[in-house]
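K.L.:
3D, please:
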Amino acid sequence: MPESHMIPWSDGTWTHAPASPATLPAGTESLDVTAVEGSDAWRHTAYGFVHDTEHALLAPLAVGEAMEVSFRAPWDGQFDQAGIFVRIDDEHWVKTGLEYADDHLGLGAVVTAGGSDWSVGFVDDWHDREITVRVSRWADAVIVRARADDEPWRLVRVAPFDGQAAASAGPFLAAPTRSGLTVRFTRWTRSAADAELH
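P.N.:
Below is the predicted model:
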C-alpha cells in the first residue's frame, strides 16, 4: 500500500454530532465515539424512509487519494454500524464497513444516488478484532477494501462515483435501534489511491 499520513481527528467535521465526545482531540490517539439512538443513513429503497442522521467525521477526499479508518466495536445491537462514509451531498454518498444485523456481523456497502442499495456478506469471525476499511477515489469510482487485523485485504465494492464533484470522507458510526453504542476509532489516514483493482 502507498505511504500513509495520519489525519488528526480535529481536522474532521461531523455531519451530525454524536452523543459524545463534545470536542475532538488534536492528536492521533484513539477516539471513542458514542452514537445517538436512532442515528442512521438510508434513502427510500425497500424501506420507504429517509434517514439522514449518521455521525460521520469528514475531511476532503480528492480523486487520486485514499482514506483508511481502523476501529473496534462491541457489535451487539441490531443494525449497529461503523466504517467510512464518503459524501458528495445528501443524495450522493457511500457508507461502507461493518453492520450487525439479525445476529450476524456483515461486511458491506450502501451506495446512494437518489436511492440507496445494500450489498453485504457475513464476517462473523471478525468479532472482537480491529477492522480497517480503505476507500480509494478514482476518476469515476470508489474502490472499497477491508480487513480484520493484519489479514489480506478483501475487495468489498467497486461503485460509480462522480469524479467532478467535491467529496469528503472519514470515520462514521450509527445506532438505529439503541442508545449506548461506543466505537473506538484507532486510526485515520490518507494516502495515494490504489492503482489497480487486482
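
K.L.:
what separates the helix or strand of the chain with the lowest mean pLDDT from the chain centre, distance-wise?
P.N.:
Among the helical and strand segments of the chain, the one scoring lowest on mean pLDDT, DSSP states H and E is strand 50-52, with a mean of 88. Computed by C-alpha atoms, centre = their mean, to the nearest Å, the chain-centroid distance of strand 50-52 equals 16 Å.

K.L.:
quick one, phi psi at residue 176?
P.N.:
Per-residue torsions, residue 176: phi -60, psi -30 (degrees, to the nearest 10).

K.L.:
With just CA atoms, put stretch 124-132 into PDB.
P.N.:
Output of stretch 124-132 as PDB, limited to C-alpha atoms (Å, rounded to 0.1, in the frame of the first residue of the first chain):
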ATOM      1  CA  ASP A 124     -18.800 -13.400  11.900                       C
ATOM      2  CA  ASP A 125     -15.200 -14.300  12.600                       C
ATOM      3  CA  TRP A 126     -14.400 -10.600  12.700                       C
ATOM      4  CA  HIS A 127     -16.000 -10.100  16.100                       C
ATOM      5  CA  ASP A 128     -13.500  -8.700  18.800                       C
ATOM      6  CA  ARG A 129     -11.000  -7.700  16.100                       C
ATOM      7  CA  GLU A 130      -9.600  -4.400  14.800                       C
ATOM      8  CA  ILE A 131     -11.200  -3.700  11.500                       C
ATOM      9  CA  THR A 132      -9.700  -1.400   8.800                       C
END
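
K.L.:
sec struct for the residue sitting nearest the centre point of the chain, please.
P.N.:
Nearest to the mean C-alpha position of the chain, counting by C-alpha atoms, centre = their mean, stands residue 84 at 1.6 Å. Under DSSP: H, G, I helix; E, B strand; the rest coil, the three-state class of residue 84 is strand.

K.L.:
what bridges to it?
P.N.:
residue 96, residue 171 (DSSP bridges).

K.L.:
returning to what we had before: contact partners of the least confident helix or strand of the chain?
P.N.:
Residues from elsewhere that reach strand 50-52 (C-beta atoms under 8 Å, 6 or more residues apart in numbering): 16, 40-44, 90, 176. In short, each C-beta sits where N, CA and C put it, glycine included.

K.L.:
Parallel or antiparallel, list what pairs with it.
P.N.:
Strand 50-52 has these strand partners (DSSP bridges): strand 41-43 (antiparallel).

K.L.:
Check the offset of the strand it pairs with from the chain's centre.
P.N.:
On C-alpha atoms, centre = their mean, the centre of strand 41-43 falls 14 Å from that of its chain.

K.L.:
Stretch 107-123 too?
P.N.:
Using C-alpha atoms, centre = their mean, the offset of stretch 107-123 from its chain centre is 11 Å.

K.L.:
Could you tell me which ranges of the protein sit under the pLDDT cut-off?
P.N.:
Within the chain, the ranges that satisfy pLDDT under 70 run 1, 28.
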